[in-house]
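Asks: sequence first, predicted model second:
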Amino acid sequence: TVLAALFLSTLFGAGLALFLEYLDDTIKTTEEVENYLQLPALAAIPTMDSMPKRRLLLVGANGGGDSDPSKAANNSELLINADPRSSLAEAYRQLRTSILLSTAGHAPKSLLITSSLPSEGKTTTAVNTAISLAQTGANVLIIDADMRRPRLHSVFNISNAEGLSTILSSEVNERDLLGIIQYDEDAKLNLLPSGPVPPNPAELIGSEQMSNLLKSLQKRFTHVVVDSPPIASFTDGVLIASMVDGVILVVHSGKSSRQVVKRSRQLLQDIGAKVFGVVLNNVNLRAQDNYY
């Protein structure tokens, strides 16, 4: 009886584990990205929990705000210079290489970094990707086109009184445009914040003025990186995708649903956008033995 109970309970446990695995449709590995989405996995960004906290130093940190280093490190999106030898820095260098080699003949001038749903790490990826491109000596501009929940100004602690919404909602000449663009000395990065939140973000983003603005900025800067709202929730990102050279889709490891990401990929492909690939964010290195 004991042996029969042990055998049956083992079968039940194995069956329950397989059933729970069947119900889990999230993407966890780069292999799943390529198998389910039919898109190249450009990089796997490790989660901060799998890295030594003492090495996570802020880029461009100032004396104001939080004085607790560990708390600041956990809240900061500026982590690319945490440790040049860390897995995090190496992952962003790998992403930079993938971007520079993504188009034939020349590196892409404009790049949209977005995600399917909120809180998948697109702003963190956009900021650190822009910084990694700037580290090559390129003149890089990052644009906060998320005029629904802007974050770029808070990441770099800059003013958001003027920005993208100001440019798109008024007649701004080139001299005024350059005056609105700010510069971060520590990150060697040009910044265009979102500006005041408008009542109609999608109309501004989809305007001809937005397309002309991107064309003008591409002539002045080596790379233009655009951060947009999630494309499964808002149409802003889809509109921008048709104006840039390529799109990078950020997927949160163990959180993003395959079906939702597939739908986002289809939205981009329907408008003819070129999707360079997927960045798998928040990958647990302890669980990924094959990461190296």
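Replies: All right, it came through fine. Because the structure is a prediction, the values reported are computed rather than measured.
Asks: now do the buried residues in stretch 195-203.
Replies: 195, 198, 201, 202 (16 or more other CB atoms under 10 Å). The C-beta positions use only the backbone N, C-alpha and C, and glycine is treated the same way.
Asks: centre of the chain to it, how far?
Replies: In terms of CA atoms, centre = their mean, to the nearest Å, the centre of stretch 195-203 is found 21 Å from the chain centre.
Asks: endpoints of it, how far apart?
Replies: Using CA to CA, to the nearest Å, one end of stretch 195-203 lies 15 Å from the other.
Asks: make TSV from the buried residues of stretch 195-203 and add pLDDT, distance to residue 24 and secondary structure to it.
Replies: What follows is those, written out as TSV (pLDDT from 0 to 100; distance: CB to CB, whole Å; DSSP: H, G, I helix; E, B strand; the rest coil):
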residue	pLDDT	distance to residue 24	secondary structure
195	90	41	coil
198	88	39	coil
201	89	34	helix
202	88	34	helix
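Asks: those residues into JSON lines, with extra columns for distance to residue 7?
Replies: JSON lines is the format used below for the buried residues of stretch 195-203 (distance: CB to CB, whole Å):
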{"residue": "195", "distance to residue 7": "67"}
{"residue": "198", "distance to residue 7": "66"}
{"residue": "201", "distance to residue 7": "61"}
{"residue": "202", "distance to residue 7": "60"}
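Asks: can you pull out the strands in the stretch 101-250 of the chain?
Replies: For the stretch 101-250 of the chain, the strands defined by DSSP state E, counting those that start in this stretch cover 110-115, 140-144, 182-184, 189-192, 223-227, 246-252.
Asks: so which of these is nearest residue 14?
Replies: Minimum separation from residue 14 across those (CB to CB) falls at strand 246-252, 28.7 Å.
Asks: relative to strand 110-115, how tilted is the next helix or strand after that closest one?
Replies: Toward the C-terminus, strand 246-252 is succeeded by helix 258-270 as the next helix or strand (DSSP states H and E). In terms of direction (axes from the mean of the first three to the mean of the last three CA atoms, to 10 degrees), helix 258-270 departs from strand 110-115 by 160 degrees.
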